[in-house]
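Participant: The following block contains a protein sequence and its predicted model.
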Amino acid sequence: MGKAVVVSETGGPEVLAVTEVEPGSPGPGEVLVDVAAAGVNYIDIYQRSGVYPLPLPFRIGLEGAGTVAAVGEGADARVGDRVAWSGTLGSYAAQVVVPVDETVPVPEGIDTTTAAAVMLQGLTAHYLVTSTYPVQAGDTVLVHAAAGGVGLLLTQLATARGARVIGTVSTAKKAELAKAAGAAEVIRYDEVDFAPVVRELTGGEGVAAAYDSVGAKTFDASLSVVRRRGTMVLFGGASGPVPPLDPQRLNQQGSVYLTRPKLGDYVATPAELRSRAADLFDGILAEELDVRVGATYALDDVRAAHEDLQGRRTTGKLLLLP
């Protein structure tokens with residue numbers, strides 16, 4: 001038996017229950033992992049609250065890293081291997097069974113906590129700048145929540161590809177972090193309307209891509225600052241879902257592209273997953289990518305972690321340490 005976080009009814013952080021559970025044995029193609037760190041992500045809040053419905057009860061958490069404790073039949077792994085993953089439900093736990101094809105090996109030189117911190121958010125930032133809209137040298141892009149877990153990584157990756165990043169944040173401390181990550185311009189959207197500032201900073205042309213994880217509160221203004229034939233990337237809804245959109249608005253804006261991507265479609269095969277993860281790990285080892293862990297929590301403090309993330313009191317990555 002070991003601890004895991006179970007959701008028996010949807011609602012606020014109070015529905016998160018730390019419970020003694022049986023982790024189970026790995027089946028064919030699976031491994032049992034001792035979890036060193038589990039990532040806390042906004043998708044967990046969507047699942048906990050019922051925005052993304054799941055059959056109840058369920059064990060929450062999708063991402064983590066740790067050490068293989070047992071290996072199922074046919075799984076290409078060994079006891080003692082360090083692995084990380086980003087799509088296995090039940091990862092807020094002391095132990096979890098993970099399909100081996102959904103794991104990536106953690107290379108020497110990268111600690112397990114850092115590997116956990118870079119999986120879901122790092123893979124998201126990677127596909128956004130390399131595939132959803134492949135950022136080119138000379139582009140100007142808008143990154144909302146630029147001091148958040150995805151935002152800091154996205155800013156670094158876009159800047160490394162030669163882009164000029166305009167970031168938005170809500171506090172002076174977050175502005176400093178976004179600038180340190182490479183943002184050329186940072187807008188305090190708690191103080192000013194960001195859209196007129198973005199238009200001024202781009203000489204009225206607009207941005208090549210707007211990366212928006214905030215959703216309802218920022219979507220309309222984000223769309224309004226995308227340049228002709230640019231790309232509006234909505235990849236989250238921290239402030240709530242975006243209402244239905246008349247496609248004619250994309251015409252009026254200048255033949256703009258709109259996409260609502262999700263990570264699973266960009267790590268659809270084990271080879272693609274491991275390729276993206278390898279790029280991230282290479283960047284960390286070369287000290288070209290800085291992974292900021294904003295806070296760590298004991299598993300018993302999972303409610304506080306959700307409260308802090310949902311209250312936008314955090315920067316960088318939040319981790320549970322079982």
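Facilitator: Great, that's in hand.

Participant: For the rest of this, base every contact and every neighbour count on C-alpha atoms.
Facilitator: Fine.

Participant: Apart from its chain neighbours, what residue comes closest to the residue nearest the centre of the chain?
Facilitator: In the chain, the residue lying closest to the centroid (C-alpha atoms, centre = their mean) is Q121, at 2.7 Å. Sequence neighbours aside, V150 is the residue nearest to Q121 in space, at 5.0 Å (criterion: C-alpha to C-alpha, 6 or more residues apart in numbering).

Participant: so what's the one you found up against?
Facilitator: Residues near V150 by C-alpha atoms under 8 Å, 6 or more residues apart in numbering: 121-122, 124-125, 316.

Participant: on that earlier part again, how far away is the residue nearest to the centre of the chain from S25?
Facilitator: From Q121 across to S25, the span is 28 Å (C-alpha to C-alpha, to the nearest Å).

Participant: still on that earlier bit, so which strand or helix has the residue nearest to Q121?
Facilitator: helix 149-160 (DSSP states H and E).

Participant: chain center to that helix: distance?
Facilitator: Taking C-alpha atoms, centre = their mean, to the nearest Å, one finds the center of helix 149-160 at 11 Å from the center of the full chain.

Participant: repeat for stretch 143-161
Facilitator: 11 Å.

Participant: Can you show me the strands along the stretch 51-200 of the chain?
Facilitator: Ranges of strands in the stretch 51-200 of the chain, per DSSP state E, counting those that start in this stretch, are 58-59, 63-71, 82-85, 95-99, 103-105, 140-143, 164-169, 185-188.

Participant: With mean neighbour count and distance to V291 added, can I get the ones you listed in TSV?
Facilitator: Shown next, in TSV, are those (neighbours: other C-alpha atoms under 10 Å; distance: least, C-alpha to C-alpha, whole Å):
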stretch	mean neighbour count	distance to V291
strand 58-59	19	27
strand 63-71	25	15
strand 82-85	28	15
strand 95-99	24	24
strand 103-105	21	17
strand 140-143	27	17
strand 164-169	25	18
strand 185-188	20	20
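
Participant: out of those, nearest to E176?
Facilitator: strand 185-188 (8.7 Å; C-alpha to C-alpha).

Participant: and G24, what is it in contact with?
Facilitator: Residues near G24 by C-alpha under 8 Å, 6+ apart: 96-97.

Participant: And for the one 4 residues further on?
Facilitator: P28 makes contact with 72-75, according to C-alpha under 8 Å, 6+ apart.

Participant: wait, which of those residues is closest to V96?
Facilitator: Taking C-alpha to C-alpha as the measure, V96 lies nearest G72 of those, at 12.9 Å.

Participant: Hmm, that closest one is touching V79, no?
Facilitator: No: using C-alpha atoms under 8 Å, G72 is not in contact with V79; the gap is 10.4 Å.

Participant: Now, the contacts of V150 that are in helices?
Facilitator: 121-122, 124-125 (DSSP state H).

Participant: out of the residues you listed, which one sits closest to H144?
Facilitator: Once C-alpha to C-alpha is applied, the member of the ones in helices among the contacts of V150 that ends up nearest H144 is A125, at 12.4 Å.

Participant: Let's have the strands of the stretch 51-200 of the chain in a markdown table, adding mean pLDDT and distance to D220.
Facilitator: Compiled in a markdown table, the strands of the stretch 51-200 of the chain are given as follows (pLDDT from 0 to 100; distance: least, C-alpha to C-alpha, whole Å):
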| stretch | mean pLDDT | distance to D220 |
| --- | --- | --- |
| strand 58-59 | 97 | 35 |
| strand 63-71 | 98 | 31 |
| strand 82-85 | 98 | 34 |
| strand 95-99 | 98 | 39 |
| strand 103-105 | 97 | 37 |
| strand 140-143 | 98 | 14 |
| strand 164-169 | 98 | 15 |
| strand 185-188 | 98 | 17 |
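
Participant: which stretch among those strands comes nearest I43?
Facilitator: Of all those, strand 63-71 comes closest under C-alpha to C-alpha, at 10.7 Å.

Participant: So what's the gap between the closest one and the chain middle?
Facilitator: When distances are taken as C-alpha atoms, centre = their mean, strand 63-71 is centred 20 Å away from the chain's centroid.

Participant: and if you look at stretch 98-105?
Facilitator: For stretch 98-105, the distance from its own C-alpha centre to the chain's C-alpha centre is 18 Å (C-alpha atoms, centre = their mean).

Participant: Show me how the chain divides into domains.
Facilitator: By the assignment in automatic domain parsing, the chain contains the domains 2-118+292-321, 122-263.

Participant: would TSV of these with distance to P270 be doable?
Facilitator: Shown next, in TSV, are the domains of the chain (distance: least, C-alpha to C-alpha, whole Å):
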stretch	distance to P270
domain 2-118+292-321	6
domain 122-263	13
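
Participant: do you know which of those lies nearest R274?
Facilitator: Comparing the domains of the chain under C-alpha to C-alpha, the one sitting nearest is domain 2-118+292-321, at 5.8 Å.

Participant: With neighbour numbers in mind, choose between G72 and V79.
Facilitator: Comparing G72 with V79 by other C-alpha atoms under 10 Å, the one with more neighbours is G72, at 19 against 13.

Participant: Brilliant, that's me finished.
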